[in-house]
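Asks: from the sequence below, what's the structure:
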Amino acid sequence: MNEKAKEDIYYGLIKARIILNTPRIAPFYMMIRHNKTVNEDLRVWGNQYVLRRYNKSKYLLFSQAILDVKEFRNLVHLRLLQSNKLLGSVFFKKLFPLMDTLYFDTLNVGKGLFIQHGFATIISARKVGDYCWINQQVTIGFEQDKSPSIGNRVRIGAGAKIIGGVNIGDNAIIGAGSVVTKDVPANEIWAGNPAHFIKKVPEDKILKL
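Replies: Below is the predicted model of the structure:
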């Protein structure tokens, strides 16, 4: 059996699983299918993580994502809360258990957020901008009732900690394991403990999701 035939069988099994789960998927898809923020989330996750064959079908992409990617479930739950679909969020959480080590302690999260491995990640920010990338074991947390503000297209490496009322500028990159307690200007790479300026973000390294 050639690779294409194997791939066709694999995708066929995924599609069959989606069909079987349609009764529990479809109601939530209907709730969010016209939500522009969720549509951008789907586009980003489809390009980065979920199987690309389904990118032309929002329903199939949404279905596979919530069946197989718990980080995406947490994001959908957040979007339901943002849209004031509180009852929907309760039922969604019952039918699609969330990743219990990924916490959103804010509703002010922009479109196109991508979370790569959400293990032990806490997002407690005043704001998270559009098209950000957050890795595992990241803490974005408050200190003395002040929380960070994250700009657009910010990338935060694994194990990084951003604490207190700091501002992270657009296009910034925070290195893995860094501890940030000062403002990070736009278009800069910071790393270390305590985090410090490394260099300007090269044009080809600006996050494009």
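
Asks: all contacts plus neighbour counts: C-alpha atoms, from now on.
Replies: Noted.

Asks: which strand or helix spans Pro27?
Replies: Using DSSP states H and E, Pro27 maps to helix 22-32.

Asks: could you say what helices and strands that helix packs with?
Replies: Judged by 3 or more CA pairs under 8 Å, 6 or more residues apart in numbering; DSSP states H and E, helix 22-32 is in contact with helix 58-68, helix 86-95.

Asks: how far out from the middle of the chain is that helix?
Replies: Distance of helix 22-32 from its chain centroid, counting by CA atoms, centre = their mean, to the nearest Å, is 20 Å.

Asks: likewise stretch 106-117?
Replies: Stretch 106-117 sits 4 Å away from the centroid of its parent chain (CA atoms, centre = their mean).

Asks: what segments of the protein are strands?
Replies: Under the criterion DSSP state E, the chain carries strands at the ranges 102-104, 114-115, 121-123, 127-128, 133-134, 139-141, 149-150, 155-156, 161-163, 167-168, 173-174, 179-180, 188-191, 196-200.

Asks: quick one: which of these is nearest Lys58?
Replies: strand 114-115 (17.0 Å; CA to CA).

Asks: ok, residues contacting that closest one?
Replies: Asp41, Val44, Trp45, Glu71, Phe72, Tyr131, Cys132, Trp133, Ile134, Asn135, Gln136 (CA atoms under 8 Å, 6 or more residues apart in numbering).

Asks: recalculate using a threshold of 6 Å.
Replies: Strand 114-115 is contacted by residues Trp133, Ile134, Asn135 when judged by CA atoms under 6 Å, 6 or more residues apart in numbering.

Asks: need these in TSV (columns: neighbour count).
Replies: Formatted as TSV, the contacts of strand 114-115 follow (neighbours: other CA atoms under 10 Å):
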residue	neighbour count
Trp133	20
Ile134	23
Asn135	21
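
Asks: let me have the residues you listed in JSON lines, adding distance to Val201 and pLDDT as columns.
Replies: Formatted as JSON lines, those follow (distance: CA to CA, whole Å; pLDDT from 0 to 100):
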{"residue": "Trp133", "distance to Val201": "15", "pLDDT": "97"}
{"residue": "Ile134", "distance to Val201": "17", "pLDDT": "97"}
{"residue": "Asn135", "distance to Val201": "18", "pLDDT": "96"}
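
Asks: and which of those residues is nearest Ala160?
Replies: Asn135 (8.5 Å).

Asks: so where's the protein shaky on pLDDT?
Replies: 49-56 (pLDDT under 70).

Asks: domain assignment for it?
Replies: Domain assignment of the chain by automatic domain parsing yields the ranges 3-95, 102-205.

Asks: distance of the most centrally placed residue in the chain from Asp183?
Replies: The C-alpha lying nearest the average C-alpha coordinate of the chain belongs to Phe114 (CA atoms, centre = their mean; 3.0 Å). As for Phe114, its distance to Asp183 is 23 Å (criterion: CA to CA, to the nearest Å).
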